[in-house]
Every structure is written in structure tokens, then in C-alpha cells.
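> Pasting a predicted model and its sequence here:
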Amino acid sequence: MNTLRKIVGFCWMLAAVLLTALIPYFAVSKLNASNAGAEDFVFWMVIVLIFIPIIIGFLLFGYYAFKGEYDERV
Amino acid sequence: MQSKNADQRKLWGVITASSVGTLIEWYDFYIFGSLAAILSVQFFPQDNPTAAFLSTLATFAAGFIVRPFGALVFGRLGDVWGRKYTFLLTLVLMGGSTFMIGLIPGYASIGYWAPALVLLLRLLQGLALGGEYGGAATYVAEHATANRRGFYTSFIQTTATLGLFLSIGVILLTRYGVGESAFVTEWGGWRIPFLLSIFLVAVSVFIRLKMKESPLFSKIKKEGKLSKNPLKESFAKKENLKLVLLALFGATAGQGVIWYTGQFYALSFIQKTMNVEFVQSNYIIAIALLIGTPFFVLFGYWSDRVGRKFIMMAGMFLAILFYRPIYSQMLTLSDLTDKTIIGADQPALKLTDISLFPASKLETRFTDGTIFTQNFAPPLHGKVQKVKTVISKELILSRTSFWYLVLLVAVQVIFVAMVYGPIAAFLVELFPTRIRYTSMSLPYHIGNGVFGGLTPFIAISLTALPGASPLDGLWYPILIGSICLITGMLFIKNKPETVVD
């Protein structure tokens, strides 16, 4: 079970890195679109602002899991 | 024996005082969302870019930024000043803001002041909501015995659903009472649900003022063990931060998406994708909520016997597994192709002949009782057009379809109850008393407010992608729910992580 936790932790770290790149990319591409309005600007600013700390938390969770911080010690 | 009865009475007093206040806070928060279409006309006219900008800010900032911020602000106060006064403050703030929204003149009367003031009050609502739940759950849990904590806190868990039910009920009753046309004007009936809030809050404040501080908080205060800096202790100390992250990614994020899918996305799907008429769609949700509500208490009670993890994870698993089949069935109910039109032999009632009609409304009745209405754009220069543009559709379901839809939504509310019923006890047991309010409030409001609150927006965006089907919006709750299920199954223990002091 502890090995599985480490694998999942590693996967979550990878997912967090991927999301860190993807969310700003989506935000920029949506805001650069010709039909982007003020509403899109607010929406994507809020998304980036709120999700970056959450993704850092997800990365940290994955890191702790990978390092065995959540392991059951017998 | 007498002392035991007195303790029981006191405990039920605590549960009632906490639950009624939290229910009113949810009611206040939801009436804004439920009346969004009218508020948009009165305060945020979409043809005005500044007002539309403020509207978007009110929608997203209140739920996604201010709620978690409120969790931090009031969580800290609750761990330093005490639970009782903090959640009294959040109640007054919420009730006051809601009441004030009901008093603000529309955009037509005071221009930009109207959307700016409504935005400010909406942000205050979000802030107050961020502080309320953690206080109420902590307050009840700290009065309850360890072996019944799931049962007693489950009454707090019913309040979000009952708050939604109450908001729908008050809106429908007011609309019915004043009539549809008088409901939507600038000083119309839509203001009544907002103004009513002040009376509900006054009663709740009166009840809460009589309550005493939580015994566990009083004990550590007397012993001088209060945290001097709950924020630092909650999020800067690795041992506690690990638990905060586990609570968020192993429980509350999944709970948030399941909660919003089962109630708000279901309503949005019924109204926008199935085109079910406004009043009927709200009845469907309201009845399903009533059917599902006792299950919150049942699963809370059961979690005291078998553990919190088992029930929460089973709820997530069932939701992930059954969302697509359930929504597929819901969609089938709005499919008219196999239904028989009354008087189909008369050419005037055939759906294919609508282009011949100059009228702007076409009502089609079916033998099973279904009524389908299409509203068309008015003819240009009074001429009959060859191709008519449908501007809105409205479906009134037959009795059988109505109840089947109630059942399908009620099943989703039961999934919500499985995940949400035991979660207050789970969160409370995860953190020590000195930093409990702060530590449990933040993951709860990120999970519920951010992950959950985004559900309708992301789901609708997914269905708008090229080649997407109406069911593709469900991939968001399924994905977040799956991440949370895997994390919860592997990392959460069925017994409390922290010894409750």
C-alpha cells in the first residue's frame, strides 16, 4: 500500500506540473481570441489567481505522498 | 438521570441554534443565484459593458475568492476569540448584506451605483459564508460525544440542502402570491425573499445569543492553550498542512463537485438542456431535495458505526459510476420523437409546418400530457417568414415523466448525502481544537466553493466544445471525483487521524 501511495503521489506531482502550464496557456489563448470580452478577462483572471495556489498545494501533496509522509508505519 | 436529560436538551438546543443560523446563511447565499436572471435585468444590464463586467465579478469573485478568504479571516477569529461570537458575526454580516440587496434601487434609478453596491454586498455575503460553516460544525462537534459526532453534525449538513429548498420555496411562493408581472419589476416581488432575511436572521441571532461558548474551546482557553497564530499553525506547520491537503484532495474537492452536480447542475440541465418549464423544474428539485434530506442524517448516524471514509468514498464511487446513465435517462424524458401529438391529423398542429404560422408562439400537446411550447422571433415588417427562428422552448412534462425525473434527481441527492453527511465529523476529527476552525474551514470552502462552484461553468463549457454531447459536461465532476476517490481510498484512514482533545 505504501508503494502505491508513492506512485500516486508521483502521478499527482506530474499532473500538477502539467496543470501549472496548461491553465495559464488556456487563459492566454482564450483572452487573445478576437471575441474575448471583459467577462472572459474576469473569469480567467479569477481561475488563474485561485488555481495556482491550489495546484501548488496539489504538487506539495504529491511530494509528501511520494516522500512517504503519509505512509503507515507499523 | 435528570442531569442526562438536561444535557440532551442542551445539546439539541446547540444543534437547533447552529443549524437554523447556517440554514439561513445558505438561504441568503442561494436566493442571489436563484434570482440571477432578474438581478441581471435590474442591476446588471448586459448591453452595458461596465455593468456586465461587475456582474461577472459578483458571480465569480464571491464564490471563488471571497469564500476561501472568509474561511481564513473568520477561522482565525474563531480560534482566537471563540466559536460563538465569530459565527454570530458571520450571521449578522450575511443577513445585513442580504437585506440591503433588497433595498438597493435598480440600475434604471441610480445608474452604476446599483451594480457597484450589489457587488459589494455580494462579496460580503461570500465572506460571511466562508466563516459560518466551520464555526457551526465545530461548535456542534465540540458539544457532542465522540461516538455520536457524525449523527449530531449531520444536522448541520442538512442545512445547505434545506437552505436551497427554502430559497426555491420562498421564491415560488412570492412569485405565485404577487403574480409574475409584479414579481419582476424594479420594486417588485423579487425583493421580498431578500427583505425576509432580516427577520430570519433576527430570530437566529436571538437564539444563538443564549448559547454558551463550546466546552472544548472554553477548556483550552482556561488552560491557556489557545493558538496565538492559528493561520501559521494551520498552514506553515508541515504536520498540519499535510492534513489540510489530505482533507482537500481526499474529500472536500470530490464532495464539492458531487454536491453541485446533484443539485445545481441538475437544475441547470433540466432547465437549459431539457427545456423544462421554470416552475415545474423548481418543483422537481424541491421535491427531490425533500426526499434526499433525511439521508444526510442517516449517513451521519451510520458513519458513527462504520467510519466516515467508507460512506464518503462509496458515495463518490456511486456518483462517478451512475452520473452518465442517470443524465442519459433524464435526457430521454425530454425526447419528443416517440410521443403522439394530439390532433396530429390536423395540418395546423404539425411541428413541420411551423414556418407557415405568423404567430410568435406554437404550443404542441401530446397524448401523455406533455406540452411543448416554442416561441419564435416576431415576423419582420408583419410578413410571414419562410423560416422562423425559435428563440425559446418550454417543456411541461407528463405526470409520469415528472415523477421519474424527481426520482433521478433524488438519487443524485442521496449520493450528495453519502459524501456530505459525514464530512463535518470527518473534518472536525482531523484537526486539534486550538486550530480547528481555521484548519477545517479553508479546505471545505476551496472544495465546495471553488471545485464545486465551478461545476456549472466548466460543464457548460465542455458541452459547447465542437462535437460534444449534452452529457459531456459530466466529465468534470467524474474526473475530480475520481482523483478524490483514489486519494481518499489510499490516504484517509477510516478512524480519526487526530485524537480529538
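That came in fine, so what should we check first?
> Just give me the longest helix of chain A.
Using DSSP state H, we find that the single longest helix of chain A is helix A:2-32.
> What residues does the stretch 301-450 of chain B have near chain A?
B:446, B:450 (CB under 8 Å from any CB of the partner chain). (Glycine included, C-beta is placed from N, CA and C.)
> and the nearest residue to B:Leu485 once chain neighbours are set aside, how many neighbours does it have?
Counting by CB to CB, 6 or more residues apart in numbering or on different chains, the nearest residue to B:Leu485 once its immediate chain neighbours are dropped is B:Met316, at 4.5 Å. By the measure other CB atoms under 10 Å in any protein chain shown, the count of residues near B:Met316 is 27.
> So residue 70, which state does it fall into?
If you meant another chain, say so; for now it's chain A. coil (DSSP: H, G, I helix; E, B strand; the rest coil).
> who touches it in this structure?
Taking CB atoms under 8 Å, 6 or more residues apart in numbering or on different chains, we find A:Tyr70 in contact with A:5, A:9, A:64, B:242, B:246, B:491.
> I figured the third one hits B:Leu245, correct?
Read it as A:Tyr64. Yes - look at A:Tyr64 against B:Leu245 with CB atoms under 8 Å: they come within range, at 7.2 Å.
> What distance do you get for B:Tyr107 to B:Ile31?
Distance, B:Tyr107 to B:Ile31, by CB to CB, to the nearest Å: 19 Å.
> now swap in B:Tyr323 and tell me
28 Å.
> and if you look at B:Val92?
Taking CB to CB as the measure, B:Val92 falls 18 Å from B:Ile31.
> Tell me which of those two has more neighbours.
Under the criterion of other CB under 10 Å, the comparison of B:Val92 against B:Ile31 puts B:Ile31 first, with 28 against 16.
> in the helix or strand containing that one, what's buried?
Assigned by DSSP states H and E, B:Ile31 belongs to helix B:2-34. Buried positions in helix B:2-34, judged by neighbour count with 16 or more other CB atoms under 10 Å in any protein chain shown: B:11, B:14-15, B:17-34.
> average pLDDT across that helix?
Computed over helix B:2-34, the mean pLDDT rounds to 85.
> now that helix, how far from the centre of its chain.
Chain-centre distance of helix B:2-34: 18 Å, with CA atoms, centre = their mean, to the nearest Å.
> Please identify the buried residues of stretch B:237-253?
For stretch B:237-253, by 16+ other CB under 10 Å, it's B:240-253.
> confidence score at the residue most central in space within chain A?
When CA atoms, centre = their mean is applied to chain A, the residue found nearest the centroid is A:Ile55 (3.1 Å). Looking at A:Ile55, its pLDDT reads 95.
> for the strand or helix carrying it, packing partners?
Using DSSP H and E, A:Ile55 falls within helix A:38-66. Using 3 or more CB pairs under 8 Å, 6 or more residues apart in numbering or on different chains; DSSP states H and E, the elements in contact with helix A:38-66 are helix A:2-32, helix B:49-61, helix B:238-247.
> How far off centre is that helix?
Relative to its parent chain, helix A:38-66 has a centroid offset of 6 Å by CA atoms, centre = their mean.
> Next: stretch B:225-241.
On CA atoms, centre = their mean, the centre of stretch B:225-241 falls 30 Å from the chain's centre.
> Local confidence estimate at B:Ala137?
pLDDT at B:Ala137 comes out at 92.
> okay, now it: neighbour count?
Neighbours of B:Ala137 using other CB under 10 Å come to 27.
> List the single closest residue to it in space, sequence neighbours excluded.
B:Ala137 sits nearest to B:Ala424 (CB to CB, 6+ apart), 4.0 Å away.
> next one: B:Phe29
Counting by CB to CB, 6+ apart, the residue nearest B:Phe29 is B:Leu129, at 5.2 Å.
> B:Pro68 is in contact with the one you found, correct?
No - the pair B:Leu129 / B:Pro68 is not scored as a contact, 10.5 Å apart, by CB under 8 Å.
> who touches both of these two?
In contact with both B:Leu129 and B:Pro68: B:His445, using CB under 8 Å, 6+ apart.
> Tell me where the model's unsure across chain A.
By pLDDT under 70, the low-scoring segments of chain A are A:73-74.
> rerun at 80
In the predicted model, chain A carries pLDDT under 80 at residues A:37-39, A:72-74.
> buried set for stretch A:27-36?
A:Ala27.
> Endpoint to endpoint, it covers what distance?
11 Å (CA to CA, to the nearest Å).
> Identify all contacting residues around it.
Residues outside stretch A:27-36 that contact it (CB under 8 Å, 6+ apart): A:40-41, A:44-45, A:47-48.
> again, 7 Å this time
A:40-41, A:44, A:47-48 (CB atoms under 7 Å, 6 or more residues apart in numbering or on different chains).
> where's B:Ala319 relative to B:Gln412, distance?
7 Å.
> do B:Pro215 as well
B:Pro215 is 38 Å from B:Gln412, by CB to CB.
> Just want to know which of those two has more residues nearby.
B:Gln412 (25 against 9).
> With adjacent residues omitted, what lies nearest to that one?
B:Gly262 is the one closest to B:Gln412 (CB to CB, 6+ apart), at 3.6 Å.
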